[in-house]
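A predicted structure for the sequence below; I have some questions about it.
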Amino acid sequence: MIAGLLLTGGASRRMGRDKTTIPVDGEPCPARTARVLTAVTYPTLEVGPGRSTLPPVVETDPGRGPLAAIAAGAVALRDRGHDGPALVLAGDLPFVPLALLRWLADHPGPGSVVPLVDGWRQPLLARWSAWDLEAAVAAVAGGRRSLRGRPGGPGTTLADEEAWSAVAGPEDFTDIDTPGDLLRLALR
């Protein structure tokens, strides 16, 4: 089984309020993303302050960005006996379809799978291989914080829109970072 890491940390500075409280179809965004993620992953953990019903992983030094959160999640998965890949999902992606997560989980091969949207990598809605999870742990231990080029280990697939368009649309990768995003997406 593929594991899942839901990232719910972050200060929500650009939003001006805690974006984890924003409802999507009547439920807080992290609750919805957790529900969809657990449908295809096990074990499934939340890396962040406990905004969902998932078991929380608290970073030893929160606020260092998503790579550090992924590394903390990778260590927690390893401590629970999981040594395989994980779906990594940002908690502020309100429209992630279950079909896209299934497609990522079932993609053939052991490597990471990173969707490309308009040519941009989507590492926070991707399958990270065991190799890339361990590389994240090593990178963070070495003081690095950037997600640039990650995941990108052996066998990584960069999946363009043609590869995933049968299960998702570009709008499904939209995150909510600003009040303008809320207006554009008709969320309040």
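Okay, I see it. Nothing here was measured: the structure is a model prediction, and the numbers come from that model. Numbering: from 1, shown residues only.

right, and the secondary structure at Leu37 would be what?
helix (DSSP: H, G, I helix; E, B strand; the rest coil).

OK, contacts around it?
With contact set as CB atoms under 8 Å, 6 or more residues apart in numbering, Leu37 has these partners: 4, 6, 44, 87, 89, 101. Where C-beta positions appear, they are placed from N, C-alpha and C, glycine not excepted.

what average pLDDT does the longest helix seen in the chain get?
Of all the segments assigned as helix in the chain under DSSP state H, the longest by residue count is helix 66-79. Here helix 66-79 scores 97 as its mean pLDDT.

which residues does the residue nearest to Leu77 when sequence neighbours are not counted bridge with?
Once flanking residues are discounted, Leu77 sits nearest to Ala3: 5.1 Å by CB to CB, 6 or more residues apart in numbering. Note on Ala3: beta-bridge partners Ala86, judged by DSSP bridges.

show me what contacts Ala3?
41-45, 77, 82, 84-87.

got it, and Leu93?
Counting by CB under 8 Å, 6+ apart, Leu93 touches 29, 33, 124-125, 172-175.

let me know the secondary structure of it.
Following three-state DSSP, we place Leu93 in the coil state.

quick check, pLDDT for it.
pLDDT for Leu93: 87.

now for the residue lying closest to Thr60 once chain neighbours are set aside: which residues touch it?
Residue nearest to Thr60 in three dimensions, not counting chain neighbours: Ala72, with 7.3 Å by CB to CB, 6+ apart. When contacts are counted by CB under 8 Å, 6+ apart, Ala72 is found next to 47, 57-60.

including distance to Leu158 and pLDDT, could the contacts of Leu37 go into CSV?
Listed next are the contacts of Leu37 as CSV, based on distance: CB to CB, whole Å; pLDDT from 0 to 100:
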residue, distance to Leu158, pLDDT
Gly4, 21, 98
Leu6, 23, 97
Thr44, 25, 98
Leu87, 16, 98
Leu89, 18, 97
Leu101, 18, 98
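
turn those residues into TSV, including distance to Val24.
Output for the contacts of Leu37, formatted as TSV (distance: CB to CB, whole Å):
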residue	distance to Val24
Gly4	18
Leu6	14
Thr44	19
Leu87	19
Leu89	14
Leu101	16
